[in-house]
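Asker: just coords:
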Ligand SMILES: Cc1cc2nc3c(=O)[nH]c(=O)nc-3n(C[C@H](O)[C@H](O)[C@H](O)COP(=O)(O)OP(=O)(O)OC[C@H]3O[C@@H](n4cnc5c(N)ncnc54)[C@H](O)[C@@H]3O)c2cc1C
C-alpha cells in the first residue's frame with residue numbers, strides 16, 4: 001500500500017481482492033455477512049469498463065464457498081456514462097456469472113444525475129435476473145414513490161440516506177427530515193418488501209427499525225441491517241447477538257479517493273480519525 005492509503009485503511013479493506021476476502025472470512029467467523037465492492041466509478045472509456053466488468057466476475061468466482069458471494073457494483077464503472085447498451089451488456093455478464101456461482105449483485109446508487117437511468121437499467125436486468133438488487137436514497141424527493149414501486153415489483157432494496165451532495169430541488173437538506181423520510185420508506189419496505197436492507201449507522205434509525213418490526217411482528221429473518229467497513233464495529237456484533245442479520249459493505253481497490261472523501265464529508269469524527277493518524 002502507498003503511504004496515503006494508511007489513512008483510508010480504516011474504511012478500505014486493502015488493495016487486492018484477497019484482502020477483501022480475508023476480511024469477509026473474519027466477518028463470517030463472527031456470523032456477519034459481507035458485500036464486496038471493488039472501488040471505481042465514473043469510467044469513461046470502454047476498455048476500463050470492460051476491465052471493471054471482468055474484475056467483478058473474477059471477484060464472484062474468488063469468494064470461497066461458504067461465504068455468500070455478494071458484491072456491490074456501480075453502474076458508472078460499468079460504462080453507464082458511455083452507453084446504456086454497453087452498461088447493460090457488461091452487467092448482464094456479471095449477473096450470468098453470479099447465477100453460475102449462486103451469487104447476488106447489488107447496484108449501488110450514485111449521484112442524482114444517474115438515478116433514473118440506473119433504475120431503468122435495473123428494471124431491464126430484472127426481466128431476466130433474480131439475483132440483483134438496487135439501492136434507494138431516502139433523502140431524494142422521488143424515493144418514496146420508487147420504494148412503493150419496488151415493493152409492488154418485489155425488488156430487493158437497500159435503503160440508505162444518500163451520500164451525494166444534491167440540490168434542494170432534488171433532495172432534502174435537513175437531517176431531521178431525512179430521518180423521517182428514511183423511517184417512512186423503511187416502514188413500506190419492512191411491511192411488504194422483499195428482504196430489504198436497512199443501511200445506516202444512525203442509532204435512532206436502527207432502534208426505530210427494531211421497535212417497528214417488533215411491534216408489527218416482522219421476524220428478524222425478513223430483513224437485514226447493513227453498515228460500512230470501519231464504522232460502528234461493536235454495533236455489528238451486538239446486533240448479531242440480538243438475532244439480527246448484519247451485512248458489512250467491504251470496499252477494496254486502489255481507486256479509493258472518492259469513497260474515502262464521501263466518508264470524511266459525512267462525519268467529523270471520521271476527519272478527526274484521519275488527522276489523529278496524520279500527526280501521531
Ligand atoms: C451498507 C451501506 C451501503 C451504502 N450504499 C450507498 C449507496 O449505494 N449510495 C449512496 O448514496 N449511499 C450509500 N451509503 C451511504 C449512506 O447513504 C450514508 O451516506 C451513510 O451511511 C451515512 O448515513 P448514516 O445514516 O449511516 O448516518 P450519519 O448520517 O452519518 O450519522 C447520523 C447519526 O448516526 C450515528 N452514527 C453514525 N456513525 C456513527 C459511528 N461511527 N459511531 C456512532 N454513531 C454513529 C450518530 O448518532 C450520528 O449523528 C451506504 C451506506 C451503507 C451503510
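Answerer: Structure's in. What do you need? Since the model is a prediction, treat every value here as computed from it, not as a measurement.
Asker: for the ligand, what are the nearby residues on the stretch 1-150 of the chain?
Answerer: Neighbours of the ligand within the stretch 1-150 of the chain, by C-beta under 6 Å from any ligand atom: 108-109, 135, 137. Placement of C-beta: from N, CA and C, glycine included.
Asker: can we see that at 8 Å?
Answerer: Residues of the stretch 1-150 of the chain lying near the ligand by C-beta under 8 Å from any ligand atom: 35, 72, 74, 106, 108-110, 135, 137, 139.
Asker: Select only the buried ones of those residues in PyMOL?
Answerer: Buried residues within those, by 16 or more other C-beta atoms under 10 Å, are selected in PyMOL with:
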select buried, resi 35+72+74+106+108+109+110+135+137+139
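Asker: Same list, the residues of the stretch 1-150 of the chain next to the ligand, but as CSV with secondary structure please.
Answerer: Below are these laid out as CSV (DSSP: H, G, I helix; E, B strand; the rest coil):
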residue, secondary structure
35, strand
72, strand
74, coil
106, strand
108, coil
109, coil
110, coil
135, strand
137, strand
139, coil
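Asker: Could I get the residues of the stretch 1-150 of the chain next to the ligand in a markdown table, plus columns for pLDDT?
Answerer: Below are these laid out as a markdown table (pLDDT from 0 to 100):
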| residue | pLDDT |
| --- | --- |
| 35 | 98 |
| 72 | 98 |
| 74 | 96 |
| 106 | 98 |
| 108 | 97 |
| 109 | 97 |
| 110 | 96 |
| 135 | 98 |
| 137 | 98 |
| 139 | 98 |
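Asker: want to try a markdown table for the residues of the stretch 1-150 of the chain next to the ligand, with distance to residue 245 as columns?
Answerer: Shown next, in a markdown table, are those (distance: C-beta to C-beta, whole Å):
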| residue | distance to residue 245 |
| --- | --- |
| 35 | 12 |
| 72 | 16 |
| 74 | 24 |
| 106 | 15 |
| 108 | 20 |
| 109 | 21 |
| 110 | 26 |
| 135 | 17 |
| 137 | 22 |
| 139 | 25 |
